[in-house]
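Novice: sequence and computational prediction follow.
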Amino acid sequence: MNQYTEKQIQETLKIVESSIVNCEKVRLKLKEGSASYSLNTNRIKALYISKALLANQANEYTKEEIEKAVTQIVSIKSKSTTGITNAKEGSATYTRFSRLIDAMNIVLDYLQNAIDECK
């Protein structure tokens with residue numbers, strides 16, 4: 001996957017790592033067994049899979065795990081797309097959502113490539 005520059009990959013890794021930290025902080029506040037807890041746990045796993053693929057670590061995930069990760073990453077992108085429509089262009093919120101959407105697009109490419117390699 002040489003379609004992205006090293007800078008783009010590093011920026012995406014930074015955003016993914018930040019998202020993991022934020023999700024792990026939130027998980028501490030959620031009730032175990034709740035739908036929100038499960039969603040957050042699935043999102044964290046998807047982000048860890050994404051981080052591993054971006055960092056060129058050995059892909060030790062199954063096709064099913066990667067496909068589930070795609071669902072979570074699409075959800076993050078969708079929520080960010082909704083959020084950006086309510087943010088003023090040029091604001092910190094707009095910039096944050098814009099960067100997150102760009103990062104999730106790169107992550108989705110990496111996930112799709114990993115799925116294709118599983119075939």
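Specialist: Received it, and whenever you're ready, just let me know what you need.
Novice: quick check: mean pLDDT of the helix or strand containing E65?
Specialist: Applying DSSP states H and E as the criterion places E65 in helix 63-85. Averaged over helix 63-85, pLDDT sits at 97.
Novice: buried set for it?
Specialist: Going by neighbour count (16 or more other CB atoms under 10 Å), the buried part of helix 63-85 is I66, K68, A69, V70, Q72, I73, I76, K77, S80, I84. Using the backbone N, CA and C atoms, a C-beta is placed for each residue, glycine as well.
Novice: just checking, the fifth one touches Y48?
Specialist: It refers to Q72. No. With contact defined as CB atoms under 8 Å, Q72 does not reach Y48; the gap is 10.7 Å.
Novice: overlap of the contact sets of these two?
Specialist: Shared contacts of Q72 and Y48, defined by CB atoms under 8 Å, 6 or more residues apart in numbering, are absent.
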